[in-house]
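A.B. asks: Return atomic coordinates for the entry below.
(3 chains)
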Amino acid sequence: MKAKAIVIAGWLVFSGIVMPAVAAPPAKLALTGARIIPVVGDDIPSGTILIEHGVITAIGEKVSVPYDAMEIDVSGKVLFPGMIDVHSSRGLDVANENFSVSPFLDVYDAIDPSRRFFENALRDGFSAVHVIVGNNCVIGGLSRVVRPIGLTPDEMTFHTPTALKLSVAPKHGWDRMRQMAELRETFLELKDYLGNLAEEKYEKSLEDKDEEIDVGPDEARERGEKLIRPEDYDDKHRNLIKLTRGDLDAFVYCGTASDISRAKTIAEENGFLKHMTLVLGVDCFKAVAELKSLKRPVVLDPQLLYRERDPITGKIRETFVPKVFADARVRFALQPMSSGSLAERYLNYQAARCVRAGVSRKKALRAITINPAKALGLEKRIGSLEVGKVADIVVFSGDPLDFNTWVEKVYIDGIKAYDREEDARLKELLGQERNRLSKSDKGGDENEETEKSESEEPAKAVGNKQEDGTDKKSDDSKSTITTEDQPSD
Amino acid sequence: MPNNWLQIQACAVACMWLVLGVSDMNADPVHAIVAGRVVGPDGSMLPASAVVISNGRIEEIVPAKELSGSGRVRRFPNAVLCPGLIDVRSSIGAMGSNIESAKAIDPGASAVDVIDWSHRDFRLALKAGVTTAVLAPAANNLVSGVAVAVKTAGVDTSTRVIRNDGPLAFALGSSVFEVDRAPTSRTGALAMLRGEMGRAKQGISHSRLNAFVNGKLDAMIVCEQAMDVSAALRTLGAYGGSVNFIHTSDVLDLSEELAGTGHGIVVGPYTFEMGSRVLSGAGRFSNASVPVAFAGDMPAASRDSLRMTAALAVKYGMEPGKARLAMTSAAATVAGIANRVGAIKPGMDADLVVFSDDPLRLDARVLEVYVGGQRVYWDDGNR
Amino acid sequence: MIGRSRIHRYSFLAVITAALVPTINNGVVRAQLFDRATVIENARIISMSGPEIENGSVVIKGGRIQAIGSSVKAPMFASKIDAAGMVITPGFVDAWSALGQLRGASGSTVTGKSSDSFDYYAADLFQDAYRNGVTSVFVAPPSGAGVLGVGSVIRLASRENGGVGKVVKEDAALCISLGSRDRAIQRLKTFQKIRKQFKAALAYRESLEDYEEDLKEYMEKLEERRKAKEKEEDAEGEAGKTENDESEDSPDDSKDDDDPPDEEEKPKPKEDKTISGTSRSADSTAFFLGDRVSPKYALQARRFGGEENDDDESNETTEGDSEEGGDGDDEEELEKPEKPEPDRGSDVLLRVIDHELPVRIEANRSEDIFNALDLAEEFNFDFTLVGAADAYLVAERLAEREVAVILEPAPPTELFRPGATRRYSHDSPAILAKAGVSWIIGSGGASSAAARFVGLSAQRAAGVFGEDSWLRIITVSTADALGVGGQMGRLRRGMNADILVWSGDPSEPSSRIVKVYVAGKLVFDAEANGE
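C.D. replies: Below you'll find the predicted structure:
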């Protein structure tokens, strides 16, 4: 009895997360009556979003909803674009490889869909997660943007390949001299490889035509260049070549302010300056003028407060990093903090901190939606509530910057992927709390009984329905058990 | 008889005269030293003056032109004559470990017991112009004993000890909070200290502590952090005796607290590694009229650490005159020997250093050193 | 008529102005035109480039010294600073510094550049450095053992987009350390490793030269073959189609005829003569027959032929080299010579051997100094000795070999620390000077904080010389020794304006630095800081 009950309880918990797979999701959906914050454009105090086949087809105060669209009344709630985790290695089993230069790796091979991280991401209002290797590398590998829902990496994938990871800040155990030397060497070796490949191609072409080599190596290289086709590249170099040709973006990690000009140098020398997003360390705000002139998307460290001791007065100088960027009019994307304080893991809380420090609300909201989308090159598809964009929508119970707000629902591609009402794990956590708090008013004696009855409730409920079909009161919990052992009364 | 008998004799006489003359140079005390500049009692430079010495003491200081009397005169027209430098926190010549951690309160100990009088470090100190070193027992007991002030050169050990009965050495800091004996925390240490002070006030503690609380014995206390200084000021400063605080790092917040109390502070040695906040400490104290002395901490620091400290302090805001005093008379005051050494004044011991230039200049060399009127070191070009 | 010419004139002027506007809008030009000059007047000037000027002025414009002297005309609109009673000197140059170095684990990266770990944004540190007179530094790679990497000279000038630090000379010197703090056996290994690296570099060059030779031969033979083919085709054209069959073979034939009997083995071509058209089929014998064999088999083919390969020996010592460049075969199947794989580390060492890149060797113990001398002799290059705690013990040898020395400041303790050189002597500068060894002093390359005080270290070391020679050592002598004497260390018309303004004589302890200009820009102002 108990075993069965536990199995069923487990199923309930598990299924609470996964969307009800019974009915097919509606092709057309209209969310009505809510306050809409599209981020790009003005807020709509009370309006409707029409979603057709996963794409937003209309937003406004008055929207004509087709007859076959399913209307969901979300009045009193706030509709917000699904938030984007723009740089995370937590979906991987290990953040980094031991190889320092590994452009041939792809996170596809390491994404673990069962990780609690994805479940929490959904719960916290993320509709897209950029899974990328960590910073402990020279060149890390390919990344991709995934949905935090799905059973396999293929199902989860939203966009691939997104970017190649590079780091200017040194690996563990290295210093910057070695890191930069390794970066330079990688690209020099790439040039050598391409030269050799060209030469080989040319010679092969002659061989195929049964001709002899008629020119020296230099000339052969020149002639062979045109003969190289993408399938000739080996895995080791393929992604690097795409990077240098501008077919692949780069996410470059700069651990400290002075790394930014080094990143610029490497990118300029190797042709990916216009395809680079910079992921910054905490003190990189000191180089804000350099970043402004670079005109590339920028992702801030989740640690938003920088502390430094003044060498003369001995006092601690605090700088709120996003304010520096906002004042310099440099667009930035925020990251949630992966560990430590509970609050910083919520991206909307990070935005709220910015507003508290004096950043305008508009900039703060952009920093968690459209700016991360820009950093990923996906601003045409996600990052705001606009006609033509993918229907990634978060339904908040209130204003996103209000810390009393919950994530009620998350729609991904127009399909409801998360509903707090059905979030059994959350309920489990909070339900017990709520019950304990409310029952503590009644006094101590009954607590023991009621607590016991609490844990037995699911089993009891099922047991009741299955066996007796009648409801038993909680006082009878003991007798219910005894009843089971004895013949029925 | 050889033909050149006369010449040989002349040579012999010349040689004897030379030999005797050379040894005489040291045996025969100097009557006066004339220098282009002399560091005066207030730290500023006096113009060309002659310092007259007799019986190992300074007799008088006169303008160079007015020098009279007979006897050997050493002239240094371009040099600076300075009192011998005093290292007020030193472990020169200490043999072995002087760490005694059995009792937290151990007023009976004396640093004079660990001195090796022929240690080579004394010679290094002399080369750097340091003529007095003050050794205290190690700072790992609340009350660790008394310090001893010794000269770094001298004929016999009896003359080398300037003072062996003080100051009383205290300490407050994490090295005091031993694990296997009380006290084990700052609060415990202060409680213990106050308790002991109470007993001393009643006259039932060790005689030295009794003397201290009655204002008859001076003290110095090594403090690890700024708050230790504040705590010590409250606990010890209430009594009549003078207390000098030895503390270098967090000094900026303390200058107001110490100003006007009459207590002094010992900072240093300053090194190149320290931040500007620490280095500007000496200047701030000095400008707030708190007496400042420098610690040299030889041999744990380099032999010219006193002058390095002074140069850095001046760079970061200390007045040059005060910096010279910090190496000499202020240090003497902290050690309670200001009646014997530390200034060029009539009656003081003739412990003097001839520098090629202002001692605050790091490119000034030590030309000669005199202790008790005897020349004990000179730069002969031999390396 | 008159009206017309006026219109012409005005329109001409209009056109000119219109053309000028974009030119003037260009930032550089605008800076030059509208950049106000700064004049510091009535000061005593120690320029290090000529005699002292008791009462003179310096004009700074566009980052450079526009004029300097006792009677200098200040340009219009210049901002004037009255420096009466003050002294002007060039900024200090630190010959061996760790200022602003971001540390990580240290190691030896031959192709590394120390400018890669410079922190442009250590603002507080740079302010303190200015306060103590430092305006340029030679940034050394972090300490370690072996060939450490290349050091650069960096001027502490403000950068356009923020930060401080402009590289003046990127490859100023290769830094090698013999690991003074290590135990003897480790130092021995370090030295042997360095020697091996140099030898490998020479072997690499040899293999490159061999390759060049082989390549030349190969190209010549290609040319011959091409010409022969042309001739054949011409002859063919004339003779008609009957010779078509032979034409395929004829290149081979002519090749055979032309080629003298070859030293290289390669048995085959003769056979091909009889086979028409199939000589290049993928026979199993192809790899013997040199039919455009892949380089991998070329070596085996040669071995089969029993060719002696002198280069095999050098192959053992060559690091990172692939197979030796093949000898250019002049068989009918030309063997393309194999290019040695690039070895960028050896490239750096070769620049040293070719005297294109200066080198400095850090060695403190006398046995290490002797090793350094041996290394320099074996590979025939001059070097600067750095650290050199024991230099005073071997001063004569150093003078004999004319080795310049960069001293380190005295250790901060008299106690013996494990790894420190016990024999450091405060008299070292004097002994070296007496023996005729030229030396300068740096701040030591170990600590970023200590690097601020290189001026004091210089003063401390230069006491032996007396006067104010320390100032000369820390400006002109160091700049010249680093090879940037034309860009810093002196105050001369046309040079970058790296200027210190002192409240009094720089040697007097009471003097403070009141203003610091680097590349003509005011970067430190004691008054503004409230000091």
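A.B. asks: how about the helices in the stretch 51-200 of chain A?
C.D. replies: A:116-123, A:153-156, A:176-208 (DSSP state H, counting those that start in this stretch).
A.B. asks: now swap in the stretch 151-300 of chain B and tell me
C.D. replies: Counting by DSSP H, counting those that start in this stretch, the helices of the stretch 151-300 of chain B are B:157-160, B:186-201, B:207-213, B:226-236, B:255-258, B:276-279, B:281-287.
A.B. asks: what about the stretch 351-489 of chain A, any weak spots by pLDDT?
C.D. replies: A:433, A:441-489 (pLDDT under 70).
A.B. asks: Mind listing what's buried along stretch C:189-208?
C.D. replies: C:190-191, C:194, C:197-208 (16 or more other C-beta atoms under 10 Å in any protein chain shown). C-beta: built from backbone N, CA, C; applies to glycine.
A.B. asks: quick one: is that stretch near chain A?
C.D. replies: No - if you take C-beta under 8 Å from any C-beta of the partner chain as the test, stretch C:189-208 misses chain A, and the best it gets is 13.6 Å.
A.B. asks: circling back: let's have the helices of the stretch 51-200 of chain A in a markdown table, adding mean neighbour count, distance to chain B and mean pLDDT.
C.D. replies: Listed next are the helices of the stretch 51-200 of chain A as a markdown table, based on neighbours: other C-beta atoms under 10 Å in any protein chain shown; distance: least, C-beta to the nearest C-beta, whole Å; pLDDT from 0 to 100:
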| stretch | mean neighbour count | distance to chain B | mean pLDDT |
| --- | --- | --- | --- |
| helix A:116-123 | 19 | 42 | 92 |
| helix A:153-156 | 16 | 51 | 94 |
| helix A:176-208 | 19 | 23 | 93 |
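A.B. asks: Any chance of JSON lines for those helices, columns distance to C:Glu362?
C.D. replies: Putting the helices of the stretch 51-200 of chain A into JSON lines (distance: least, C-beta to C-beta, whole Å) gives the following:
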{"stretch": "helix A:116-123", "distance to C:Glu362": "49"}
{"stretch": "helix A:153-156", "distance to C:Glu362": "52"}
{"stretch": "helix A:176-208", "distance to C:Glu362": "16"}
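A.B. asks: Spell out which residues of chain B are next to chain C.
C.D. replies: So chain B meets chain C at B:121, B:124, B:271-276, B:298-305, B:308, B:310-312, B:314-315, B:317, B:319-320, B:323, B:356, B:358, B:360-365, B:383 (C-beta under 8 Å from any C-beta).
A.B. asks: how about a cut-off of 6 Å?
C.D. replies: Residues of chain B lying near chain C by C-beta under 6 Å from any C-beta of the partner chain: B:271-273, B:276, B:299-303, B:314, B:320, B:360-363, B:365, B:383.
A.B. asks: Pull out the buried members of the residues you listed.
C.D. replies: B:271-272, B:276, B:299-303, B:314, B:320, B:360-363, B:365.
A.B. asks: Among those, which one lies nearest to C:Gly112?
C.D. replies: B:Phe272 (26.3 Å; C-beta to C-beta).
A.B. asks: Now do the domain split for chain B, please.
C.D. replies: B:5-83+B:346-378, B:85-335 (automatic domain parsing).
A.B. asks: First residue to last residue on the shortest one, what's the distance there?
C.D. replies: If I follow you right, that is domain B:5-83+B:346-378. In domain B:5-83+B:346-378, first residue to last residue: 37 Å (C-alpha to C-alpha, to the nearest Å).
A.B. asks: now that domain: mean pLDDT?
C.D. replies: In this model, domain B:5-83+B:346-378 carries a mean pLDDT of 85.
A.B. asks: Also stretch C:229-240?
C.D. replies: Mean predicted confidence for stretch C:229-240 is 80.
A.B. asks: quick one, phi psi at the residue in the stretch 51-200 of chain B that chain A sits nearest to?
C.D. replies: Nearest residue of the stretch 51-200 of chain B to chain A, counting by C-beta to the nearest C-beta: B:Gly173, 18.9 Å away. Dihedral angles of B:Gly173 (phi, psi; degrees, to the nearest 10) stand at phi 170, psi 180.
A.B. asks: From chain C, how far out is it?
C.D. replies: Relative to chain C, B:Gly173 is positioned 21 Å away (C-beta to the nearest C-beta, to the nearest Å).
A.B. asks: so who does that residue touch?
C.D. replies: B:Glu224, B:Asp228 (C-beta atoms under 6 Å, 6 or more residues apart in numbering or on different chains).
A.B. asks: for the one 3 residues further on, same thing?
C.D. replies: With contacts defined as C-beta under 6 Å, 6+ apart, the neighbours of B:Val176 are B:Leu142, B:Ala189.
A.B. asks: Show the pLDDT at it.
C.D. replies: 85.
A.B. asks: State the phi and psi torsions of C:Gln101.
C.D. replies: Residue torsions, per degrees, to the nearest 10, at C:Gln101 are phi -80, psi 130.
A.B. asks: where do the strands sit along the stretch 351-500 of chain C?
C.D. replies: With strands called from DSSP state E, counting those that start in this stretch, the stretch 351-500 of chain C shows them at C:359-363, C:384-387, C:404-407, C:439-441, C:499-502.
A.B. asks: And chain C, what are its domain boundaries?
C.D. replies: According to automatic domain parsing, the domains of chain C span C:35-91+C:490-531, C:92-180+C:364-488, C:211-339.
A.B. asks: Out of the ones you listed, which one sits most buried?
C.D. replies: domain C:92-180+C:364-488 (a mean of 22; mean count of other C-beta atoms under 10 Å in any protein chain shown).
A.B. asks: and that domain, does that touch chain A?
C.D. replies: Yes - residues of domain C:92-180+C:364-488 contacting chain A under C-beta under 6 Å from any C-beta: C:102, C:104-105, C:109, C:111-112, C:116-117, C:119-121, C:124, C:141, C:149, C:161-162.
A.B. asks: which of these sit farthest apart?
C.D. replies: Every pair of the residues of domain C:92-180+C:364-488 next to chain A checked by C-beta to C-beta; the farthest is C:Thr111 and C:Asp124, at 31.8 Å.
A.B. asks: correct me, but B:Ile86 touches B:Ser329?
C.D. replies: No - using C-beta atoms under 6 Å, B:Ile86 is not in contact with B:Ser329; the gap is 8.3 Å.
A.B. asks: and chain A, which of the buried ones among the residues of chain B next to chain C contact it?
C.D. replies: Okay, of those touching chain A (C-beta under 6 Å from any C-beta), that's B:Ser276.
A.B. asks: Which of the buried ones among the residues of chain B next to chain C lies at the shortest distance from C:Gly504?
C.D. replies: Nearest member of these to C:Gly504, counting by C-beta to C-beta, is B:Pro320, at 10.9 Å.
A.B. asks: circling back to that earlier point, and the domains of chain B as JSON lines, adding distance to A:Met180?
C.D. replies: Shown next, in JSON lines, are the domains of chain B (distance: least, C-beta to C-beta, whole Å):
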{"stretch": "domain B:5-83+B:346-378", "distance to A:Met180": "38"}
{"stretch": "domain B:85-335", "distance to A:Met180": "28"}
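A.B. asks: so which of these is the most packed in?
C.D. replies: domain B:85-335 (a mean of 21).
A.B. asks: what about A:Pro113, how many residues close to it?
C.D. replies: A:Pro113 sits with 17 neighbouring residues when counted by other C-beta atoms under 10 Å in any protein chain shown.
A.B. asks: if we can go back for a sec, what about the domains of chain C, which gets the closest to A:Gly281?
C.D. replies: Nearest of these (C-beta to C-beta): domain C:92-180+C:364-488, 11.4 Å.
A.B. asks: ok, and what's touching stretch C:146-159?
C.D. replies: Residues contacting stretch C:146-159 (C-beta under 6 Å, 6+ apart): A:177, C:108-110, C:112-115, C:126, C:135-141, C:164-177, C:190, C:193, C:482, C:484, C:518-519, C:521.
A.B. asks: That'll do, ta.
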